[in-house]
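Student: requesting a structural model of the entry that follows:
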Amino acid sequence: MKNKNLKLLLTVICMLAAGICYHYSRQTGRTQESGQVLEFSEEDRQRPKSRNSSNGIKSDTGLRYESAADSELETGAKPAVPFTEEISCFVHVCGEVKEPGVYEMKQGDRVFHAIEKAGGFTDEAAQGYLNLALEVTDGMKLAVPPKEWVDAQTFQEGESEEVPTGKVDLNTATKEELMTLKGVGQAKAESILEYRDTHGKFQAIEDIMNIPGIKEGAFEKIKDDITV
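Tutor: The predicted structure follows:
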């Protein structure tokens, strides 16, 4: 009777041990399945990543990168940096500069930058003629003139002293000066002064024919010697 009870007890113990082992193995399997860690082979790392237009970048392994930063961490590639193209223009610099020619300039450069690229002014350059602070434009021509040319232009514009013409001015001449004209004596000279006082300045040399005694014939003799 004791042997029979012992066998029954051993049988129950073995069944309990088998049940515990089976339960433990099932629990371990679930834990490994839920906590599975994905490992990338070298082949997976070298595969090109596919893009999805709505959710960013998707790899062929099924993992999705939510931002460019995540993609950089995974692939090692840096995101693209926007490139701003620098706008250039071409300017022709000539005249009194050391190295005349066509030079490429950046947008926003000034005239003095172009002069510097052309080697600077020569000793004969009229350096104050151009506006050095002016912004250059594409196709601009910068001609630096010599000093002599600027001086000549200034003279022609009347900024220098007037050159005597040798003619008698009907509006400023004295009686004696009027009497130097052909056919004009004291009486006609006094008539010219009186006309000037009464009617004001002569507007044209032809107005002298309004003076008594001076008609077209007399005018033809003196027209090259008078002015107003």
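Student: just the strands in this protein please.
Tutor: 50-52, 56-58, 64-65, 88-95, 101-106, 141-144, 168-169, 226-227 (DSSP state E).
Student: export the ones you listed to CSV and tack on mean neighbour count?
Tutor: Where you see a C-beta, it was placed from the backbone N, CA and C, and this is true even at glycine. Below are these laid out as CSV (neighbours: other C-beta atoms under 10 Å):
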stretch, mean neighbour count
strand 50-52, 9
strand 56-58, 15
strand 64-65, 15
strand 88-95, 17
strand 101-106, 14
strand 141-144, 16
strand 168-169, 16
strand 226-227, 18
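Student: mind putting the ones you listed in a markdown table, mean pLDDT and distance to Tyr195 included?
Tutor: Output for these, formatted as a markdown table (pLDDT from 0 to 100; distance: least, C-beta to C-beta, whole Å):
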| stretch | mean pLDDT | distance to Tyr195 |
| --- | --- | --- |
| strand 50-52 | 44 | 100 |
| strand 56-58 | 41 | 100 |
| strand 64-65 | 44 | 103 |
| strand 88-95 | 93 | 53 |
| strand 101-106 | 95 | 64 |
| strand 141-144 | 91 | 51 |
| strand 168-169 | 88 | 14 |
| strand 226-227 | 90 | 14 |
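Student: okay if I get these as TSV plus distance to Ala204?
Tutor: Listed next are those as TSV, based on distance: least, C-beta to C-beta, whole Å:
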stretch	distance to Ala204
strand 50-52	89
strand 56-58	90
strand 64-65	93
strand 88-95	42
strand 101-106	52
strand 141-144	40
strand 168-169	13
strand 226-227	10
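Student: for those strands, which one sits closest to Phe121?
Tutor: Closest approach to Phe121 among these (C-beta to C-beta): strand 141-144, 6.5 Å.
Student: quick revisit: relative to Ala218, which of the strands of the chain is closest?
Tutor: strand 226-227 (11.3 Å).
Student: can you pull out the helices in this structure?
Tutor: According to DSSP state H, the chain carries its helices in the segments 2-34, 42-46, 68-75, 111-117, 147-156, 175-178, 186-199, 216-222.
Student: how about Val97: what's its closest non-neighbour residue?
Tutor: Distances taken as C-beta to C-beta, 6 or more residues apart in numbering put Ala118 closest to Val97, at 4.1 Å, once the chain neighbours are dropped.
Student: sorry, back to before: rank the helices of the chain by pLDDT, which is bottom?
Tutor: Mean pLDDT is lowest for helix 68-75 among these, at a mean of 50.
Student: what's stretch 190-204 in contact with?
Tutor: 170-171, 173, 175, 178, 184, 208, 210-213, 228 (C-beta atoms under 8 Å, 6 or more residues apart in numbering).
Student: who are the contact partners of the closest residue to Glu176 other than its chain neighbours?
Tutor: Distances taken as C-beta to C-beta, 6+ apart place Ala189 nearest to Glu176, at 7.9 Å, with adjacent residues excluded. If a contact means C-beta under 8 Å, 6+ apart, then Ala189 has 175-176, 178-179 as its contacts.
Student: any idea how far Ala189 is from Asn210?
Tutor: 15 Å (C-beta to C-beta, to the nearest Å).
Student: great, nothing more from me.
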